[in-house]
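Undergrad: predicted model and sequence follow; I will ask about them next.
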Amino acid sequence: MLRPWQFEIQLDKKSDKALYLQIADAVIIAIKSGNLTAGNALPGSRKLAELLNVNRNTVVEALDVLIAEGWLMSIDRKGTFIAELPTDLKATKPEKKSLLNKEEPKPYLVFDDGLPDSRLAPMNDLARAHREIFKRKSRWQIMGYSNELGDIEFRKAMVQMLNFKRGLNISSDQICITRGSQMAMYLASHCLFTKGDFVLVENPGYKPAWETFENAGATLLPVNVETDGANMEEVENYLKKYSTIKAIYVTPHHQFPTTVTMSLKKRLKLIELSNQYGFTIIEDDYDNEFHFGQRPILPISSYGSVQNFIYIGTLSKIIAPALRIGYLATSSANIEKVAKHRKIIDVQGDNIMEEAVLTLINEGQIKRHLKKAHLIYKAKRDYFESLCQQHLQEKITYIKPEGGLAFWIVPKSDIDLESVCENLYSKGIKIMSPEKFSFKTPIHGLRLGYASLTENQMEEGIIALSKLL
């Protein structure tokens, strides 16, 4: 009987994977690659055991697996053959890539959208806090289920911070600890919106939030951003036109992506319109801690006159992006809806992480870390501005941000920024495309995060950008 396939299976007897599974997987790979096709006969089990220098029982086990999974078929008194597979399951040999289609290099220098420097994260302190939690006599208690709104002691600490530092007036029953601000956005969306509702969004703005609103059934209405925040005249015109506007999403402290701060006049007007028309102000205060002016602007949600608000923030920017702790503060009526939705997608938060961070808060470690990071980021911001003055002064306009971890620059010439992004990426430098911030029509501006870069990286990136603008 013709057996055209030469068995060349390399077995690793020191591997954790059993020998019979190594044999079975090698046959499957040969079938997928086309070396074995339907009807091809395999050597008998004795011959195969001899070729592979293994026990015959090992080969029999491998064949049994392949037959059970449908890769082989056994025919009495004839042997074992490759089974006939459905056409759409047959794998073909991969096409050889053309030399002209070389893979693009991975970026070695990234201007992100304003992430903190993970190298500054207090990892040793956080690791120590975790160890101490598991040394407690009552450590068994943290291994069970807890409240869906989050650890009560952690919530109390967050409420104290929000009330004393940011002027809110909430209780521990009005806050939900989430796995990052994106989950908070998701919970808020599914508590507020149903199909047919409208939500006002800043343009340019934060697209992940937009996608969350649309997922909940809402339709977006873009509001242009001016040098002092969202255009309130456009907001009012929309409210007069549509009766089912349920919310507006704003980033008033350091607007994303332009970094501008909403003026007091516009904040008060927005509250007035919210109270008059009954829509909710979803306020995303994503980087309140990093403000380099006199003091951070108090949130809209802190104003005593505001009736309908959802305030969203995160600790990920304070410690490290990988630490997924966010929060959502709102009215008692809304928080009940939030709790129900939270229980559906996630029974509870990360109790252990919350307790570890709470330990650092109580010890004053978070406060010390913030003070250190604040000085470093302020110095980086000033250095970044000096680079813009040196290399881009004649080519861009910008306003030095009072806070946040990114610059918004606008080229003076009418240049194709998408092409600029592609050109830089081919050189290993990544900047965010304006398309990621705009509603349908690309905006003429670039958001360049600086906090996670070294001074040398900043300079190299700005020089490369200046050659293309």
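TA: Yes, it's here. Just so you know, these numbers come straight off a predicted model, no measurement behind them.
Undergrad: spell out the residue ranges of the helices in the stretch 151-300 of the chain.
TA: 152-165, 181-192, 207-215, 232-241, 264-277 (DSSP state H, counting those that start in this stretch).
Undergrad: which neighbouring elements make contact with the lengthiest helix in the chain?
TA: Secondary structure of the chain per DSSP state H: the longest helix is helix 365-391. Here helix 365-391 touches helix 351-363, strand 406-411, helix 455-466, going by 3 or more Cβ pairs under 8 Å, 6 or more residues apart in numbering; DSSP states H and E. C-beta: built from backbone N, CA, C; applies to glycine.
Undergrad: can the ones you listed go into CSV with extra columns for distance to residue 268?
TA: Formatted as CSV, the helices and strands packed on helix 365-391 follow (distance: least, Cβ to Cβ, whole Å):
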stretch, distance to residue 268
helix 351-363, 33
strand 406-411, 25
helix 455-466, 38
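Undergrad: most packed of these?
TA: strand 406-411 (a mean of 21; mean count of other Cβ atoms under 10 Å).
Undergrad: just the C-alphas of that strand, formatted as CSV.
TA: C-alpha atoms of strand 406-411 as CSV (Å, rounded to 0.1, in the frame of the first residue of the first chain):
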residue,chain,number,x,y,z
ALA,A,406,-0.8,65.9,26.9
PHE,A,407,-0.5,68.9,24.5
TRP,A,408,-3.0,69.7,21.7
ILE,A,409,-1.2,71.2,18.7
VAL,A,410,-2.8,72.7,15.5
PRO,A,411,-0.6,72.9,12.4
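Undergrad: could you give the average pLDDT over that strand?
TA: Mean per-residue pLDDT for strand 406-411: 95.
Undergrad: neighbours of residue 69, how many?
TA: Around residue 69 there are 11 other residues, counting by other Cβ atoms under 10 Å.
Undergrad: would you check how far apart it and residue 49 are?
TA: From residue 69 across to residue 49, the span is 20 Å (Cβ to Cβ, to the nearest Å).
Undergrad: which strand is the longest one in this structure?
TA: Longest strand of the chain, by residue count under DSSP state E: strand 219-226.
Undergrad: can you tell me the closest non-neighbouring residue to residue 37?
TA: residue 82 (6.3 Å; Cβ to Cβ, 6 or more residues apart in numbering).
Undergrad: what's across from the one you found in the sheet?
TA: Residue 82 has the following beta-bridge partners by DSSP bridges: residue 72.
Undergrad: numbering from 56 from now on, please.
TA: I'll keep to 56 as the first residue from here, and by that count the last item is residue 137.
Undergrad: what sits against it?
TA: Residues near residue 137 by Cβ atoms under 8 Å, 6 or more residues apart in numbering: 86, 91-95, 97, 126-128.
Undergrad: quick one on the thing from earlier: most tightly packed of the helices of the stretch 206-355 of the chain?
TA: The most buried one of the helices of the stretch 206-355 of the chain (mean count of other Cβ under 10 Å) is helix 236-247, showing a mean of 24.
Undergrad: and it with helix 262-270, angle?
TA: 30 degrees (axes from the mean of the first three to the mean of the last three Cα atoms, to 10 degrees).
Undergrad: can I get helix 236-247 in CSV? Just the C-alpha atoms.
TA: Extracted in CSV, the C-alpha atoms of helix 236-247 (Å, rounded to 0.1, in the frame of the first residue of the first chain):
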residue,chain,number,x,y,z
SER,A,236,-13.5,54.5,34.2
GLN,A,237,-14.6,52.7,31.0
MET,A,238,-16.8,50.3,33.2
ALA,A,239,-18.2,53.4,34.9
MET,A,240,-19.1,54.8,31.5
TYR,A,241,-20.8,51.5,30.6
LEU,A,242,-22.8,51.3,33.7
ALA,A,243,-23.9,55.0,33.4
SER,A,244,-24.9,54.4,29.8
HIS,A,245,-27.1,51.4,30.5
CYS,A,246,-28.8,53.1,33.4
LEU,A,247,-29.6,56.2,31.3
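Undergrad: show me what the longest strand of the chain is packed up against.
TA: Strand 274-281 sits against strand 253-258, helix 262-270, helix 287-296, with contacts defined as 3+ Cβ pairs under 8 Å, 6+ apart.
Undergrad: list the helices and strands the first one packs on?
TA: Put plainly, it is strand 253-258. For strand 253-258, the packing partners by 3+ Cβ pairs under 8 Å, 6+ apart come out as helix 262-270, strand 274-281, helix 287-296, strand 300-305.
Undergrad: columns distance to residue 409 and mean pLDDT on top of those, output as a markdown table?
TA: Putting the helices and strands packed on strand 253-258 into a markdown table (distance: least, Cβ to Cβ, whole Å; pLDDT from 0 to 100) gives the following:
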| stretch | distance to residue 409 | mean pLDDT |
| --- | --- | --- |
| helix 262-270 | 23 | 95 |
| strand 274-281 | 33 | 96 |
| helix 287-296 | 37 | 97 |
| strand 300-305 | 26 | 97 |
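Undergrad: as a markdown table, the ones you listed with distance to residue 501 would be great.
TA: Output for those, formatted as a markdown table (distance: least, Cβ to Cβ, whole Å):
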| stretch | distance to residue 501 |
| --- | --- |
| helix 262-270 | 15 |
| strand 274-281 | 15 |
| helix 287-296 | 24 |
| strand 300-305 | 22 |
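Undergrad: what about those, which gets the closest to residue 437?
TA: Closest approach to residue 437 among the helices and strands packed on strand 253-258 (Cβ to Cβ): strand 274-281, 25.0 Å.
Undergrad: from the chain's centre, how far out does that closest one sit?
TA: From the chain centre to the centre of strand 274-281 is a distance of 23 Å (Cα atoms, centre = their mean, to the nearest Å).
Undergrad: got a list of contacts for it?
TA: By Cβ under 8 Å, 6+ apart, strand 274-281 touches 251-260, 265, 268-269, 285-286, 289-290, 293, 297, 300, 303, 310, 313, 315, 494-495.
Undergrad: tell me the buried residues within those.
TA: Buried members of the contacts of strand 274-281, scored by 16 or more other Cβ atoms under 10 Å, are 252-260, 265, 268, 285-286, 289-290, 293, 300, 303, 310, 313, 315, 494.
Undergrad: per-domain residue ranges of this structure.
TA: The record's domain parsing of the chain by automatic domain parsing lists 74-144, 164-173+424-521, 176-421.
Undergrad: now the first one: mean pLDDT?
TA: It refers to domain 74-144. In this model, domain 74-144 carries a mean pLDDT of 82.
Undergrad: before we move on, the earlier item: make a markdown table out of the domains of the chain and add distance to residue 67.
TA: Output for these, formatted as a markdown table (distance: least, Cβ to Cβ, whole Å):
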| stretch | distance to residue 67 |
| --- | --- |
| domain 74-144 | 7 |
| domain 164-173+424-521 | 37 |
| domain 176-421 | 34 |
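Undergrad: comparing these, which comes out most buried?
TA: Taking mean count of other Cβ under 10 Å, domain 176-421 is the most buried of those, at a mean of 19.
Undergrad: and residue 368, bridged to which residues?
TA: The partner list for residue 368 in beta bridges (DSSP bridges) reads residue 382.
Undergrad: residue contacts, residue 172?
TA: Applying Cβ under 8 Å, 6+ apart to residue 172 gives the contacts 428, 431-432, 506-507.
Undergrad: perfect, that will be all.
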